[in-house]
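[1] missing the sequence, but the structure's below:
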């Protein structure tokens, strides 16, 4: 069935959201139910998963197969990789990520959360708030996901008991406060049964004591990708220096342009810009997109900027407006999610990739590690896979840093093992 008829049929824009929680909480089934009940499944896809369900001896269609796309996942009945699905209703379009529930795959969840506008934290009504629930909530908070929805799933297995739901709500709010999510007023709670379809798209008739919105109604009303409060300060990391050849003489070039994506703010022809870290200033002569000139451009647009003066600019430089410029620094402090199976070596040099710039770095301090079981800040001398910690690095060359709370693009970085080229950590600057 499509979106409820009482919802206004307007376009609320794109919403990227993430479903996460402990293993077997029903994430894949929830997403499958959303796709099925909103009529976003093609007939041949539905036939394929119905056939697979019959082979497994199931009486009903296993909707989790819509997102558990890897062969290994189907064999084990768990989600290993992040599965993305795209669907739309009468009011908006969605990109949904199904993140793994097992602890060893938390690093996959970090990847999915980095672009999400909303996170659905699933909780099994029989088990309540678990360590993985706290871990995913902490990661969602650190990565700046602005909206959290706690979905208390499998209510059918506790006889749709309201007291179970209220107990889990109280436990989660206590957890949220200790993580740092404030007083929890920004968190929404929904009781549901993904298997039976209660409170997903349709309300059902077994949760009469709950008078709040269904999950789909929450998603339909949530602010989307372009409705978030954004840092309006202009940030343009240079990705590539473009020098098109002249048609009449290939040995000559038409111009020198600087290609990249505007991460925040806006720019117009004639605006003054400063090139960091060098500190030189000039003005914008032209803005090009697809061979056409634009009078102005804004956040998320990939453009080519032409400048009035010849300045030595290369990949990794940052173009900003002189007002509100970041101060280049060779020291950064950040919340770090360690992703590698090999522990952090405090004596080793790593590469930090920030926007399009890459520098060598060495760990300066580990201020504390977050104990997921107790949510306490504990001392640490190294970090293991899935650890979350407050750390600082000393950099071989300055970076132009923003706080992650101000700008999710220029406030984030990844840590790379120089010998293997593996991404070993993701960081959010504080």
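    That came through fine. No experiment lies behind these values; they were computed from the predicted model shown.

[2] ok, residue 203 touching residue 214?
    Yes - with contact defined as C-beta atoms under 8 Å, residue 203 and residue 214 form a contacting pair (5.9 Å). For the C-beta atoms, the positions are set from N, CA and C on the backbone; glycine is no exception.

[3] neighbour count winner among those two?
    residue 214 (20 against 17; other C-beta atoms under 10 Å).

[4] so the more buried one touches residue 193, yeah?
    No - using C-beta under 8 Å, residue 214 is not in contact with residue 193; the gap is 11.9 Å.

[5] which residues are common contacts for those two?
    Contact criterion C-beta atoms under 8 Å, 6 or more residues apart in numbering; residues shared by residue 214 and residue 193: residue 199.

[6] show me how the record splits the chain into domains.
    Under the assignment automatic domain parsing, the domains of the chain span 14-221, 238-320, 328-429.

[7] could you dump those to JSON lines with distance to residue 232 and mean pLDDT?
    Below are the domains of the chain laid out as JSON lines (distance: least, C-beta to C-beta, whole Å; pLDDT from 0 to 100):
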{"stretch": "domain 14-221", "distance to residue 232": "17", "mean pLDDT": "80"}
{"stretch": "domain 238-320", "distance to residue 232": "5", "mean pLDDT": "90"}
{"stretch": "domain 328-429", "distance to residue 232": "10", "mean pLDDT": "93"}
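
[8] list the buried residues in stretch 403-412.
    Going by neighbour count (16 or more other C-beta atoms under 10 Å), the buried part of stretch 403-412 is 404, 406-412.

[9] from the residues you listed, which two are the most distant?
    The two members of the buried residues of stretch 403-412 with the most space between them (C-beta to C-beta) are 406 and 412, at 11.3 Å.

[10] pretty sure residue 216 is in a strand, no?
    No - judged by DSSP: H, G, I helix; E, B strand; the rest coil, residue 216 forms no part of a strand; its state is helix.

[11] identify the bridge partners of residue 350.
    Bridge pairing for residue 350 (DSSP bridges) gives the partners residue 361.

[12] same deal with residue 242?
    Residues in beta-bridge contact with residue 242 (DSSP bridges): residue 257.

[13] quick check, it in contact with residue 303.
    No - using C-beta under 8 Å, residue 242 is not in contact with residue 303; the gap is 10.9 Å.

[14] which of these two has more neighbours?
    For the pair residue 242 and residue 303, the greater number of neighbours falls to residue 303 (21 against 16), based on other C-beta under 10 Å.

[15] which strand or helix spans that one?
    Element membership of residue 303 [criterion: DSSP states H and E] is strand 302-307.

[16] give me the sheet partners of that strand and which way each runs.
    So strand 302-307, judged by DSSP bridges, has these partners: strand 257-261 (antiparallel), strand 280-289 (antiparallel).

[17] go through the very next helix or strand once past it and flag the buried ones.
    Per DSSP H and E, the first helix or strand lying C-terminal to strand 302-307 is strand 318-320. Under the neighbour-count criterion of 16+ other C-beta under 10 Å, strand 318-320 has 318-320 buried.

[18] which neighbouring elements make contact with strand 318-320?
    Strand 318-320 sits against strand 235-237, strand 272-276, with contacts defined as 3 or more C-beta pairs under 8 Å, 6 or more residues apart in numbering; DSSP states H and E.

[19] could I get those as CSV with mean neighbour count?
    What follows is those, written out as CSV (neighbours: other C-beta atoms under 10 Å):
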stretch, mean neighbour count
strand 235-237, 26
strand 272-276, 19
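
[20] so which of the ones you listed comes closest to residue 345?
    strand 235-237 (28.8 Å).

[21] the closest one - what's its average pLDDT?
    Mean pLDDT, computed over strand 235-237, is 97.

[22] residues in contact with it?
    Residues contacting strand 235-237 (C-beta under 8 Å, 6+ apart): 258, 260-265, 267, 273, 305, 316-320, 355-357, 402, 407, 409-410.

[23] name the SS class of the nearest residue to residue 206 once chain neighbours are set aside, please.
    Leaving aside its chain neighbours, residue 206 sits nearest to residue 160 (4.9 Å; criterion: C-beta to C-beta, 6 or more residues apart in numbering). Residue 160 falls in the coil class when you classify it by three-state DSSP.

[24] may I have the phi/psi pair for residue 160?
    phi 50, psi 40 (degrees, to the nearest 10).

[25] please tell me how far it sits from residue 199.
    Distance of residue 160 to residue 199, computed by C-beta to C-beta, to the nearest Å: 10 Å.

[26] sweet, I'm off.
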